[in-house]
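# this one's structure only:
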């Protein structure tokens, strides 16, 4: 066990060298300004320079350190970053550009940590999938390339503060849904109490674990740098293409200017008389065509007026003619000697009550099908929000999201939206104009919500009908 410690200790060193190599590559790719700027993450990843972003006061927010948050109401992760201009900048404009680039890089690095803190369910975080699979970690880092820079703020001391955000729907959820399942966690058993005995012999274990954690943190930052490098290369290619297009437009403008100058010279010399007569002929022809079209329009308008004034035959005559042939069969209706048949119908009535319970939905459930959304009032249950919350019945069977729900729809819209205030949730666009509010019976062992029998029956009825809040994923949770 002691032989493993040097290998663990070397991993952060190798990752650090890899990060330095990436910084050198950034410098060669035209992003030389970013590594030269001292950022908050380089000095202290979560030090006093990092500032938490701000959102609306009525949103359901979960803070992540001092540099980010998870906005469960709008389903997005938000992080801030700070960039300080270097003292060796040639001019103030270049210093600000370098500080902005450093702030954006710092914000994206912090955003990766915020996304890692998002819960997939009550027991699993995104960080667990990223740690278990290099493929997932690289895919999440690739998704971060689409992060939006919401704001760049210049401070009085010359530093720049950047705010970056990433939606917790769409591509990120698709990546996590395609991730391999995590290995089940082994529960400690009472019998093998002897197995932990060798643990004291491995004294360096805490240091090895700390080194491993540091190496993983460095790997996450290297992944963010790789994503930034790819973005810089793409931006440089785009800029080169735009410069080529600008050169082409300038050449075209110069050519048009020369052509216009030649035409003006020809007009001054009286050479353009033929072209003037041709233009006059074209104008006359267009005027004639316009008059022809106007006359045709007047004729069509007059014809339409005549058609509108023409009396329309009343359909009552046709309707009266139709029932007339049906009148002859009426004499045969003396057959209503079948009024004794009502007696058999009374006999059949006993079978009706037996068939009524079979369809399932009660009148209350049928009325619930008209609701536009479902508001789950989970206040007071110590419920924690996640990307994949679960609503279950008393037996543990999952009621929401439905087992046959559209995966693409879940990724695009998200399973639920979260609120802190019940009235705000009931007025939300996700709940619609006529929401149904239900109260869970308690919290399940896996962190999901357990519904009572009545509410469980309602959700089953809604899941079995098309275009209902359950099928359209119009569910809101208040916690």
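Alright, I've got the coordinates. Computed from a predicted model, the values in this text were never measured in an experiment.

# what's around residue 124, how many residues?
Neighbour count of residue 124, defined by other CB atoms under 10 Å: 18. C-betas here are computed from N, CA, C, even on glycine.

# if you could redo that for residue 382, that was the one I meant.
9.

# and residue 377, by the same measure?
Neighbour count of residue 377, defined by other CB under 10 Å: 17.

# before we move on, what about residue 246?
Counted by other CB under 10 Å, the residues lying close to residue 246 total 10.

# pretty sure residue 370 contacts residue 436?
No. Counting by CB atoms under 8 Å, residue 436 is not a contact partner of residue 370; they are 9.2 Å apart.

# between the two, who's got more neighbours?
Neighbours were counted for residue 370 and for residue 436 using other CB under 10 Å; residue 436 has more, 22 against 9.

# where does this structure have its least confident helix or strand?
helix 33-36 (a mean of 34; mean pLDDT, DSSP states H and E).

# I'd like the average pLDDT over the longest helix along the chain.
Secondary structure of the chain read by DSSP state H shows that its longest helix is helix 205-268. Computed over helix 205-268, the mean pLDDT rounds to 74.

# following it, which helix or strand shows up next?
helix 273-309 (DSSP states H and E).

# check what pLDDT residue 92 gets.
87.

# same deal with residue 197?
Confidence at residue 197, expressed as pLDDT, is 43.

# swap in residue 119?
In this prediction, residue 119 carries a pLDDT score of 94.

# quick one: it and residue 228, what's the gap?
Counting by CB to CB, to the nearest Å, the gap from residue 119 to residue 228 is 27 Å.

# residue 396 now?
Remark: distance between residue 396 and residue 228 (CB to CB) = 45 Å.

# by contact count, what packs against the longest helix of the chain?
Packed against helix 205-268, as judged by 3 or more CB pairs under 8 Å, 6 or more residues apart in numbering; DSSP states H and E, are the following elements: helix 4-26, helix 92-116, helix 134-143.

# angle of it against helix 273-309?
110 degrees (axes from the mean of the first three to the mean of the last three CA atoms, to 10 degrees).

# helix 205-268 to helix 92-116, inter-axis angle?
Direction vectors for helix 205-268 and helix 92-116, defined by the same axes, to 10 degrees, enclose an angle of 130 degrees.

# how about the nearest residue to residue 431, chain neighbours excluded?
Of all residues beyond its chain neighbours, the one nearest residue 431 is residue 373 (3.5 Å), with distances taken as CB to CB, 6 or more residues apart in numbering.

# tell me the pLDDT of residue 335.
In this prediction residue 335 is given a pLDDT of 45.

# count of neighbours near residue 470?
Residues within reach of residue 470, counting by other CB under 10 Å, total 23.

# apologies, that question was intended for residue 228.
22.

# work out for me the element the nearest residue to residue 111 once chain neighbours are set aside sits within.
Leaving aside its chain neighbours, residue 111 sits nearest to residue 79 (3.9 Å; criterion: CB to CB, 6+ apart). In this structure, residue 79 sits in strand 76-83 according to DSSP H and E.

# and that strand, what other elements does it pack with?
Counting by 3+ CB pairs under 8 Å, 6+ apart, the packing neighbours recorded for strand 76-83 are helix 40-43, strand 68-71, helix 92-116, strand 160-167.

# hey, least reliable of those by pLDDT?
With a mean of 38, helix 40-43 has the lowest mean pLDDT of the helices and strands packed on strand 76-83.

# ok so residue 469 is a strand residue?
No. In this structure, residue 469 is coil, not part of a strand, as judged by DSSP: H, G, I helix; E, B strand; the rest coil.

# hmm, back to that, TSV for the helices and strands packed on strand 76-83, including distance to residue 262 and mean neighbour count?
Listed next are these as TSV, based on distance: least, CB to CB, whole Å; neighbours: other CB atoms under 10 Å:
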stretch	distance to residue 262	mean neighbour count
helix 40-43	61	20
strand 68-71	62	23
helix 92-116	42	23
strand 160-167	51	24
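
# could you export the ones you listed as CSV, including distance to residue 472?
Formatted as CSV, the helices and strands packed on strand 76-83 follow (distance: least, CB to CB, whole Å):
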stretch, distance to residue 472
helix 40-43, 42
strand 68-71, 23
helix 92-116, 27
strand 160-167, 19
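
# go through these and name the closest to residue 150.
Among those, the nearest to residue 150 by CB to CB is strand 160-167 (4.5 Å).

# who's in contact with the closest one?
Where contact means CB atoms under 8 Å, 6 or more residues apart in numbering, the residues beyond strand 160-167 that reach it are 51, 53, 75-83, 85, 96, 99-100, 102-104, 106-108, 110-111, 115, 143-144, 146-155, 172.

# tell me which other helices or strands the next helix-or-strand element following it touches.
Going down the chain from strand 160-167, the next helix or strand is helix 171-177, by DSSP H and E. Counting contacts by 3+ CB pairs under 8 Å, 6+ apart, helix 171-177 is packed against helix 134-143, helix 407-413.

# ok, which stretches of the stretch 301-450 of the chain are helices?
According to DSSP state H, counting those that start in this stretch, the stretch 301-450 of the chain carries its helices in the segments 315-321, 323-326, 342-348, 351-355, 363-368, 407-413, 422-426.
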